[in-house]
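Asker: Sequence and predicted model, in that order:
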Amino acid sequence: MHQSSAQLFKEYLREKDMSPQEFSQVSGMPETEVQGIMEGNLPITSLRAHHLAAAFNTDVELWSSRNSKKKEKEDLNDHRWLGVNR
């Protein structure tokens, strides 16, 4: 059975003995996003996948989710926030 992004994220936090707040500090990802991922309310965008991969020393592909309209929109918003034009 395929693990959801939220399940995988929680598993990595447990393995690293890291709280969501500690992860937020280490990764630079806002706590609201960390909570959103844990609750399954936020998709793993490209930017979030890079934060997760860097923090957990994994491949970005592990965190990349299937493309959906919501994810594509969030990816676009991430790039706008960074000042990148797509």
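Answerer: That came in fine, so what should we check first?

Asker: so where's the protein uncertain?
Answerer: 1-2, 65-86 (pLDDT under 70).

Asker: Remind me which helix or strand the residue most central in space within the chain belongs to.
Answerer: Nearest to the geometric centre of the chain sits residue 48, at 3.7 Å (CA atoms, centre = their mean). For residue 48, the element it lies in under DSSP states H and E is helix 46-56.

Asker: what helices or strands is that helix leaning on?
Answerer: Helix 46-56 makes packing contacts with helix 5-15, helix 20-27, helix 60-63, helix 69-82 when contacts are defined by 3 or more CB pairs under 8 Å, 6 or more residues apart in numbering; DSSP states H and E. Quick note: C-beta positions are derived from backbone N, CA and C, even for glycine.

Asker: hmm, 7 Å instead?
Answerer: Using 3 or more CB pairs under 7 Å, 6 or more residues apart in numbering; DSSP states H and E as the contact criterion, the elements in contact with helix 46-56 are helix 20-27, helix 60-63, helix 69-82.
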